[in-house]
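> Build me a structure from this.
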Amino acid sequence: MATKHTFSLSLAERKKRIFSEDFKRQKVREIELKQTSVSEVSKVYQVRPNNVYKWIDKYSNKQKKGLRLIVEMESDTKKLIALQAKIAELERLVGQKQVIIEFQNKMIEIAEQEYQIDIKKKFDSKPSSSSGSTETK
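You can find the predicted model right below:
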């Protein structure tokens, strides 16, 4: 199963990234609307909290004009966190199903050995010649 550590970027890779002005404005708007927090943005996008606060200082409408913004929709940061949680749950379920399948296959194998019969279907074998068709000569 993949972990968050697997997908983390190295320091050199993080330094090479450049976030667009629109992206920064969107994240600041989401923080202002309390759809997400500075710490969530920092964790999800692997940005230092100080940098997020710089974005807020630069792009915040509330700090500059004292205006109140209207809530538009759920934050994509929150959606990303929810989707990551859903992926983790689905990976867990797939793992459980795989264990069940392996258990069932082992039980079939044991039963075949114990009772000396073939239980599994053999897909490479041809159907028998007495498949129900009758020919009269």
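> Quick check, central residue of this protein?
Ile87 (3.3 Å; Cα atoms, centre = their mean).
> Asp57 and Ala12, how far apart?
27 Å (Cβ to Cβ, to the nearest Å). In short, each C-beta sits where N, CA and C put it, glycine included.
> which stretches of this protein have low pLDDT?
1-9, 14, 62-74, 122-137 (pLDDT under 70).
> ok, which stretches of it are helices?
With helices called from DSSP state H, the chain shows them at 11-16, 21-32, 38-45, 49-59, 61-65, 76-115.
> Let's have the ones you listed in a markdown table, adding distance to Lys121.
A markdown table is the format used below for those (distance: least, Cβ to Cβ, whole Å):
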| stretch | distance to Lys121 |
| --- | --- |
| helix 11-16 | 49 |
| helix 21-32 | 54 |
| helix 38-45 | 47 |
| helix 49-59 | 58 |
| helix 61-65 | 66 |
| helix 76-115 | 11 |
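> So for Asp57 and Ala12, which residue has more residues nearby?
Asp57 (11 against 7; other Cβ atoms under 10 Å).
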